[in-house]
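Engineer: Quick one, what's the 3D model for this:
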Amino acid sequence: SYCNATTDQIGTCWPRSGAGELVERPCPEYFNGIRYNTTRNVYRECLENGTWASRMNYSHCVPILVNKKYPLHYKIALIINYLGHCISVLALIVAFLLFLCL
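Structural biologist: Residues are numbered from 1 along each chain as shown. You can find the predicted model right below:
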């Protein structure tokens, strides 16, 4: 006995598999506007009676979080960071020159 090839609600394609097998497939690359890490797997069991288990294990599928919400804030913070370092180095050079002259 075997389970027929099928596609679940998320779009993962499950191949024809022998009864009693635990089948693994890569996590979906993209679902509901969210990208996922495809190096992880999702699991589904082909039951002994030749039907797919209704529950799939997507718990290992981890979203790839790209923070696109505040790109302007990130750029401003980066500029402030560089300016702060430049001012600090400049002040250190001035202090060093004053120390040498006095």
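Engineer: the domain parsing of the protein - what is it?
Structural biologist: 1-65, 67-102 (automatic domain parsing).
Engineer: For my notes, please list those domains in a markdown table and give mean pLDDT for each entry.
Structural biologist: As requested, the domains of the chain are arranged in a markdown table below (pLDDT from 0 to 100):
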| stretch | mean pLDDT |
| --- | --- |
| domain 1-65 | 91 |
| domain 67-102 | 88 |
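Engineer: Please convert those to a markdown table, extending it with mean neighbour count.
Structural biologist: (C-beta placed from N, C-alpha, C; glycine too.) Putting these into a markdown table (neighbours: other Cβ atoms under 10 Å) gives the following:
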| stretch | mean neighbour count |
| --- | --- |
| domain 1-65 | 13 |
| domain 67-102 | 9 |
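Engineer: Would you mind measuring from G50 to T12?
Structural biologist: G50 sits at a distance of 19 Å from T12 (criterion: Cβ to Cβ, to the nearest Å).
Engineer: Could you give the separation of stretch 54-71 from the chain centroid?
Structural biologist: 6 Å (Cα atoms, centre = their mean, to the nearest Å).
Engineer: do stretch 91-102 as well
Structural biologist: Distance, stretch centre to chain centre, for stretch 91-102: 49 Å (Cα atoms, centre = their mean).
Engineer: Over to stretch 42-61?
Structural biologist: For stretch 42-61 - counting by Cα atoms, centre = their mean - the centre lies 23 Å from the chain centre.
Engineer: what about the helices in the protein?
Structural biologist: Counting by DSSP state H, the chain has helices at residues 71-101.
Engineer: Nearest the middle, which residue of it would you pick?
Structural biologist: The centre of the chain sits closest to I64, judged by Cα atoms, centre = their mean, with a distance of 1.9 Å.
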